[in-house]
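In: below is the sequence, then the predicted model.
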Amino acid sequence: MSHLSALPVLVPFLAGPLLVATGSFAPRWWSDAVGAVSAIAVVALCALLAAHAAPHPFAYWLGGWQPQHGFSIGISLSIDVFGAGLAAFCGLLTTAALVYSLRYFDAIEGFYHGLMLLFMAGMVGFCLTGDLFNLVVFFEVMSAAAYALTAYRIEERAPIQGAINFAITNSIAGYGMFIAIALLYARTGALNLAQIGVALSPHHADPLVIVAMTLLFLGFLTKAAVVPLHFWLADAHAVAPVPVCVLFSGVMVDLGVYAVARLYWVVFAGALGGHAGTVRAIFVAVGVVTALTGATMCFVQRHIKRLLAFSTISHIGMFVCGVALLSHGALAGVAVYMVGHGLTKAALFMCAGILLHRFANVDEYDLHGRGREVPVAGVIMAVGALLLAACPPFTTFMGKSLLDAAASGRSGYGWLVAVFIVISAVTGGSVLRVAARVFLGWGAKEGPKHAIEQARAAEAESRETEGGNDHTPLVMMVVPAVLLLGVLVLGLIPGAVPAAERYAAQFADHRLYAAWVLHGARAALPILAPSHVSGSDYGYGAISTVGALAVAAVGLFGYRLRGVRESRPATALTAAVWRVRELHSGHIGDYIAWWSAGVSLIGGICLLALR
Amino acid sequence: MSFFPYAVAAWLFVIGLWGVVSSRNLVRTVLSLTVVQSSTYLILLGVGYRTKGSAPIVADIPTTSKLVDPVVQVLVLTDVVIEATVTALLLALVVQAHKRFGSVDPDDLRPLRD
């Protein structure tokens, strides 16, 4: 069984180039079929690996280079339930995106399917590898495919700019990580994650280790789009084709958070054990700033894809807070929430795709009331909005209640519960507002004048699907509906959430990880008392759901309270929000300046505080 | 092993970033990016260097000879491949930008704004 470990990476790595090679002359059904079959095969293989790793996680050493007496020079795939499960999730969303693409694109060439498979191969390898260098190489593989997919509509202007910003920002993040690898290799002589962790653990973390940690964390958090390293994300999401956005928002950004969690617990937890409180404070602060900035920016968008992109940034902030709490309960919450959020956000992007396919426009105000033609999409979007708002008792709510429990259980961090409620209410409410305006025709027809350039940007989206269509294919509604059904059901499966907690406890034990990777030990699953969703959790869920309705109402009818909006932002608050929006200039030089400032600031704080 | 290569690597990283930030031409932006990446080659090779070590090709020298670390050299090779891919992709995008915008100045690429 463990010999199958490399197959989920190999299958798409072989099928992808095959599709690129045959794409120019093969019929479309060939590309569709090979793409979908490969993606489904990856899901099945990863599910098998996860099932095999469920009792005891295992390492597969490529080429048979087993560690000798706990010392490895080989390259491993280190497979546990979280890694294999996340890889299966990547495959699942790729399958959904490819099935959605069947009818979404009027004309598409084989290299699209090939790039999607290479993108998936990079993501799956990223989840399964146990080697630091391979982790960064898979990061680069998925990134390169993602840049090309962002610029898929190369004959237009906006995608070129979005792809350039995406590629340059993420490449620089990757180079920082190469430097970190060099530093850690110089210190430990190892590249295997477990081996590096073992070598670093007995010693106090010195500046070299802290610089390496900062470069690695901030590199992966650039992919996860943490403020102020996030500027590329909204541009890339606004211009990439909808099925690609499904993968970007649904799972790619989550992988950045996954990598930080993995690296912290396997590599740095031992060396930084004495400083856990400081690490927690720094990264919770980063998460909160990201979450609140994302939520604010989400609310002021009228371009639906950009709005969803900022909602993703906001949720990433929440996930970073969850990981930064450094407890297995919070980690389980992040894992459950990631699944719920990924499926929900995928369905919401597919709704935006339905609008784009039918009306060749994704501007909230231009589409006022026009969505009545596709009521099913309206239902999907409204349900998705409520799930984003962590409406009880579904999967996103289950994840959030674990996060709430972890935050209130940690003295000094109880206030995070309020932040989480604000994020859920504002992001869910913004999507609900769009749904009500587009599908019910509620609220104003004319948008605020100072957001008019967003409307033009939304028009620039128009040619993704060759103008409008009179008919929305059934498959484009079935796929998001099935994904949402998953969110409704998964969290309610008995035993799913307690199992996530136990696997999270396994994930967060660095000694255990070293034992099963380097010594082949049969690591038993920790036994925990299952936590219960308490009455106060339902209370928080109810508050965020009602809050979402309130936010949607303010977005729809707020102008009546304040009179007609003027062209100049009136209050100090809107002026400040306007200022932040202006920072998202689309200029790569600005973005890298912010990136450098953010890395210097956070890195400097880490260096001073973790000595 | 002296401190010198690390100082040069740090300098390349910072000056490359400055190049990306200040560039008025996308070709220069992409080349600045390769400058940033050059710093990673230098630092990787630097950490694997041994004074008076020979190249890690063991076919025709005694196996007891002192060698520089071959692992980092392999890492640099991979790094070079990645750079070639990303640079080629970016330059293709820049060519396309020139076709569509008639300019390669990042200031003129504002379709997302106006």
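Out: Sure, I can see it. Keep in mind that what you see is a predicted model, and the values were worked out from it rather than measured.
In: okay, now the residue lying closest to residue B:40 once chain neighbours are set aside: neighbour count?
Out: Leaving aside its chain neighbours, residue B:40 sits nearest to residue A:178 (3.9 Å; criterion: Cβ to Cβ, 6 or more residues apart in numbering or on different chains). To be clear about C-beta, it is placed using only N, CA and C from the backbone, and glycine gets the same treatment. The tally of other residues near residue A:178 (other Cβ atoms under 10 Å in any protein chain shown) stands at 26.
In: mind listing the strands in chain B by residue range?
Out: Per DSSP state E, chain B carries no strands over any range.
In: any low-confidence regions in it?
Out: Along chain B, the parts satisfying pLDDT under 70 run over B:1, B:110-114.
In: may I see the buried residues of the longest helix anywhere in chain B?
Out: Ranked by residue count and defined by DSSP state H, the top helix of chain B is helix B:70-101. For helix B:70-101, burial by neighbour count (16 or more other Cβ atoms under 10 Å in any protein chain shown) applies to B:71-72, B:75-76, B:78-79, B:82-83, B:85-87, B:89-90, B:93-94, B:96-97, B:100-101.
In: check which helix or strand the nearest residue to residue A:261 once chain neighbours are set aside maps to.
Out: Nearest residue to residue A:261, sequence neighbours excluded (Cβ to Cβ, 6+ apart): residue A:323, at 4.7 Å. Using DSSP states H and E, the element containing residue A:323 is helix A:304-324.
In: packing partners of that helix?
Out: Packing partners of helix A:304-324 (3 or more Cβ pairs under 8 Å, 6 or more residues apart in numbering or on different chains; DSSP states H and E): helix A:231-239, helix A:242-247, helix A:253-263, helix A:276-299, helix A:328-359, helix A:395-409, helix A:416-435, helix A:452-460.
In: to residue B:26, which of these lies closest?
Out: helix A:231-239 (15.1 Å; Cβ to Cβ).
In: wait, what's in contact with the residue nearest to residue B:40?
Out: Counting by Cβ atoms under 8 Å, 6 or more residues apart in numbering or on different chains, residue A:178 makes contact with A:136, B:37, B:40, B:43, B:44, B:75, B:79.
In: identify the farthest-apart pair in those.
Out: Of all pairs drawn from these, the greatest distance, 14.1 Å, lies between A:136 and B:43 (Cβ to Cβ).
In: what about the residue nearest to residue A:261, neighbour count?
Out: By other Cβ under 10 Å, neighbour count at residue A:323 equals 25.
In: pretty sure it is touching residue A:330, no?
Out: Yes - taking Cβ atoms under 8 Å as the definition, residue A:323 is a contact partner of residue A:330 at 7.2 Å.
In: now the helices for the stretch 501-611 of chain A?
Out: A:510-518, A:535-562, A:572-583, A:588-609 (DSSP state H, counting those that start in this stretch).
In: next one: chain B
Out: Using DSSP H, helices in chain B cover B:4-22, B:26-48, B:70-101.
In: of all those, which lies closest to residue A:7?
Out: Per Cβ to Cβ, nearest to residue A:7 of the helices of chain B: helix B:70-101, 22.2 Å.
In: just checking, what packs against that closest one?
Out: helix A:132-150, helix A:157-188, helix B:26-48.
In: dump the contacts of residue A:178 to TSV, plus distance to residue A:117.
Out: Shown next, in TSV, are those (distance: Cβ to Cβ, whole Å):
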residue	distance to residue A:117
A:136	21
B:37	27
B:40	28
B:43	34
B:44	30
B:75	26
B:79	24
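In: which one of those residues sits closest to residue A:171?
Out: For the contacts of residue A:178, the closest approach to residue A:171 (Cβ to Cβ) belongs to residue B:37, at 7.7 Å.
In: number of residues surrounding the closest one?
Out: 23.
In: contacting residues around the residue nearest the centre of chain B?
Out: Taking Cα atoms, centre = their mean, the centroid of chain B lies closest to residue B:37, which sits 2.3 Å from it. Taking Cβ under 8 Å, 6+ apart, we find residue B:37 in contact with A:171, A:175, A:178, B:16, B:79, B:83.
In: one more pass at 7 Å, please.
Out: Contact partners of residue B:37, counting by Cβ atoms under 7 Å, 6 or more residues apart in numbering or on different chains, are A:175, B:83.
In: give me the pLDDT value at the residue nearest to residue A:261.
Out: At residue A:323, the pLDDT value in this model is 96.
In: who touches it in this structure?
Out: For residue A:323, the contact set (Cβ under 7 Å, 6+ apart) comprises A:257, A:260, A:261, A:331, A:334.
In: name the nearest of the residues you listed relative to chain B.
Out: residue A:260 (20.5 Å; Cβ to the nearest Cβ).
In: wouldn't the closest one be in contact with residue A:217 here?
Out: Yes - between residue A:260 and residue A:217 there is a contact under Cβ atoms under 7 Å: 5.3 Å.
In: so for these two, which sits in the more crowded spot?
Out: More neighbours surround residue A:217 than the other of residue A:260 and residue A:217, with 30 against 26 (other Cβ under 10 Å).
In: so the more buried one sits in a helix?
Out: Yes - residue state for residue A:217 (DSSP: H, G, I helix; E, B strand; the rest coil) corresponds to a helix.
In: dihedrals phi and psi, residue B:102?
Out: Here is the backbone geometry of residue B:102 (degrees, to the nearest 10): phi 70, psi 20.
In: ok, which residues in the stretch 101-250 of chain A are in contact with chain B?
Out: A:133, A:137, A:140, A:144, A:147-148, A:151, A:154, A:157-158, A:160-161, A:163-164, A:167-168, A:171-172, A:175, A:178-179, A:182, A:185-186, A:235, A:238 (Cβ under 7 Å from any Cβ of the partner chain).
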